[in-house]
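# how would this look folded up:
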Amino acid sequence: MTAVAECARSPCSGGRGLPQIHGVDVRTRIMTRVSIDDNGCWNSGWSVKQGWTKIWHRGAMQYVHRVMYEEDVGPIPDGLEIDHLCRNRACCNPAHLEPVTHSENVARSVARRIAKGERTKHYRKRP
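The predicted structure is shown next:
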């Protein structure tokens, strides 16, 4: 494991009481908080919003799965988004990620819900 560089700024925190890691590449930072499950998913342990995990990277909050895809595979093509083939939003394993159009991503999600017998639309009850 790579040694973590000490920060010259004192006190240095990521704004949430977590120590800031300087001088370490982003892949190493992410992998320090990853747990691997039985399906081969790399579940990232960063801040979670509706299952999506984020990390502070290049001056902004970014989705961990997008950062890992760009680090391991390359840039995400324009007009495409990343689809989790494993359907696990916390997964950042590049082998489980694929760039697809938005309509393809939605179609895959709906197909999975139909296969599981879930509702695909939420209907609001009228008074």
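# Quick check: Ile55 is in a strand.
Yes: judged by DSSP: H, G, I helix; E, B strand; the rest coil, Ile55 forms part of a strand.
# quick one: pLDDT of it?
Looking at Ile55, its pLDDT reads 82.
# from what I can see Cys41 touches Pro94, true?
No: the pair Cys41 / Pro94 is not scored as a contact, 11.6 Å apart, by Cβ atoms under 8 Å. (Each C-beta comes from the backbone N, C-alpha and C, glycine too.)
# of these two, who's got more company?
Cys41 (20 against 16; other Cβ atoms under 10 Å).
# where's the nearest residue to that one once chain neighbours are set aside relative to Gly59, distance?
In this structure, Cys41 finds its nearest non-sequential neighbour in Cys91, 3.9 Å apart by Cβ to Cβ, 6 or more residues apart in numbering. From Cys91 across to Gly59, the span is 25 Å (Cβ to Cβ, to the nearest Å).
# Which of those two has more residues huddled nearby?
Using other Cβ under 10 Å, the more surrounded residue of Cys91 and Gly59 is Cys91, with 27 against 6.
# shaky segments in the protein?
1-23, 46-47, 49, 118-127 (pLDDT under 70).
# list the helices and strands the longest helix anywhere in the chain packs on?
The longest helix of the chain (DSSP state H) is helix 102-116. Counting contacts by 3 or more Cβ pairs under 8 Å, 6 or more residues apart in numbering; DSSP states H and E, helix 102-116 is packed against strand 81-84.
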